[in-house]
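**Q** predicted model, plus sequence, below.
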Amino acid sequence: MTNDQIDVALTPPMGWNSWNCYGATITQEKIKTQADAIVKLGMHKYGYIYVNIDDGWQGDRGGKYNAIQGNSKFSDMQGLCDYIHSLGLKIGIYSTPWTKSYAGYTGSFGHENEDVKQWVEWGIDFLKYDWNMWDPKEPSEEYVKRIYDAIGLTGRKIVLSLSNTAPISNAHNWSKYANMWRTTGDIVDTWDSMSNIGFAQSDWAKFARHGHWNDPDMMVLGFVGWGKNQQLTRLTYDEQITHMTLWCILAAPLILGCDLTKSDGFLLEILTNRELLSVNQDPLGVQGYIVYKDGKIEVWTKPLQNGNRAIGVFNKGESTAEVKISWNEIGIHNNLCVRDIWHYKNLGKISDISTIEVNSHGVRIFVAGRKL
């Protein structure tokens, strides 16, 4: 990053994106409604501050920069940005390095500088930049640097988020320019989709660091619909807790995609567990990694800045499991204190071996250290 951008996204960004909820049916009023819900629910106090418009806002080019303007669904982009900022939130926008987006709207190809100037004038804080089905089908250093340089010239601090699936083979070339990048295909609200994505992130860990985060896609909690009839996520109670826990251990961006006006107490409890969020937002900036696997049981750990460690014990099996954990084998030594994060309970000092019950498709997460 340039000197003007080195303090962007020092911890994984948190917020909301329109796609998993509304797809390309997004409108200006729907964005305002979700921003209002973030504030009404108090979620901004936990760090959920980005309100991101996905594909579907783009109209024709025009204005003083000959940049993409809002379409008929977004007749006052300046007013929308001002409104989001008046709530104490930040606003994001969507574009693509090609002439057309996935949904068939105007892209930024050949007009990167013009579009960025317009976004800066509006006050945009976050850019989701989406590769699509046309060549090249993956991020390249040339095209990432092109939008990165356009942002850098303005001096505005804008989170640069790359999408869609990025191959790991050339990530060392372009990841230095982006703040976050998709590592997978699109997630859907099933156990197979969420778990196959979440538990396959280990190879990406070496790229995660302050200002640069691996993105296993937006979260599929709450009411989702992708622009069709919304439904409550198909993830079970335990699968939702696993989803949130795993994304926090992975130091993944926490970008919601649900209709927040339909939030219930359970969803809010998942999303606002401060102890779990502190694992995700830990200033050390290390992505968690697997340390033990036995059949359907996986143990992941994440080092924290204060010397403590988070430990997630996941059961990917179809029935409840009694898991014997050798703390010494996973690097947690005797006489350390352990706290159960989801149960908000100190467990005292541990011995070497513990037996832990973990529900099917569930998780137990602990923090271990000398002081808790």
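**A** Noted; the coordinates are in hand.
**Q** any low-confidence regions in this protein?
**A** Within the chain, the stretches with pLDDT under 70 are 1-6, 132-139, 166.
**Q** okay, which residue is most central for it?
**A** Among the residues of the chain, the one closest to the centroid is Pro253, at 2.6 Å (CA atoms, centre = their mean).
**Q** tell me what the closest residue to Ile290 other than its chain neighbours is bridged to.
**A** Distances taken as CB to CB, 6 or more residues apart in numbering place Trp300 nearest to Ile290, at 5.2 Å, with adjacent residues excluded. Any C-beta I mention is one placed from the backbone N, CA and C, and that applies to glycine too. Beta bridges link Trp300 to Ile290, Gly312, judged by DSSP bridges.
**Q** before we move on, back to that, and the residue nearest to the centre of the chain, how far from Ser161?
**A** Distance, Pro253 to Ser161, using CB to CB, to the nearest Å: 8 Å.
**Q** give the intersection of the neighbour lists for these two.
**A** Taking CB atoms under 8 Å, 6 or more residues apart in numbering as the criterion, Pro253 and Ser161 both touch Pro13, Met180, Asp215.
**Q** identify, from the residues you listed, the entry nearest to Thr355.
**A** Asp215 (35.5 Å; CB to CB).
**Q** count the residues that sit near that closest one.
**A** 26 (other CB atoms under 10 Å).
**Q** same question for Gly62.
**A** 11.
**Q** list the contacts for it?
**A** Contacts of Gly62 (CB under 8 Å, 6+ apart): Gln69.
**Q** before we move on, what about Ile91?
**A** Per CB under 8 Å, 6+ apart, neighbours of Ile91: Tyr50, Val51, Asn52, Ile53, Leu80, Cys81, Ile84, His85, Gly123, Ile124, Asp125, Phe126.
**Q** cool, Phe74 as well?
**A** Thr27, Gln28, Ile53, Trp57, Gly59, Leu80.
**Q** format the residues you listed as CSV; extra columns: secondary structure and neighbour count.
**A** Converted to CSV, the contacts of Phe74 look like this (DSSP: H, G, I helix; E, B strand; the rest coil; neighbours: other CB atoms under 10 Å):
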residue, secondary structure, neighbour count
Thr27, coil, 18
Gln28, helix, 20
Ile53, coil, 29
Trp57, coil, 27
Gly59, strand, 16
Leu80, helix, 23
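**Q** which one of the residues you listed sits closest to Ser175?
**A** Distances from Ser175 to the contacts of Phe74, taken by CB to CB, are shortest for Ile53, at 24.4 Å.
**Q** relative to Gly88, how far out is the closest one?
**A** Distance from Ile53 to Gly88, counting by CB to CB: 18 Å.
**Q** do Asn173 as well
**A** 37 Å.
**Q** same question, Gly211
**A** 23 Å.
**Q** which one of those two has more residues nearby?
**A** Gly211 (19 against 12).
**Q** the more buried one reaches Val8, doesn't it?
**A** Yes - with contacts counted by CB atoms under 8 Å, Gly211 reaches Val8, the gap being 5.9 Å.
**Q** so His210 makes contact with Leu10?
**A** Yes - using CB under 8 Å, His210 makes contact with Leu10 at a distance of 5.0 Å.
**Q** and for those two, which residues touch both?
**A** Contacts common to His210 and Leu10, judged by CB under 8 Å, 6+ apart, are Gly285.
**Q** who's in contact with Ile168?
**A** Thr183, Asp203, Trp204.
**Q** got the phi/psi numbers for the second one?
**A** Recorded main-chain torsions at Asp203 are phi -60, psi -20, according to degrees, to the nearest 10.
**Q** the first one now?
**A** Thr183 has phi and psi values of phi -110, psi 0 when expressed as degrees, to the nearest 10.
**Q** over to Ser95?
**A** Dihedral angles (degrees, to the nearest 10) for Ser95: phi -160, psi -180.
**Q** ok, it to Val51 distance?
**A** 16 Å.
**Q** go on, Ser108?
**A** 21 Å.
**Q** ok, these two, which is more surrounded?
**A** Legend: neighbour count by other CB under 10 Å for Ser108 and Val51, higher for Val51 (29 against 25).
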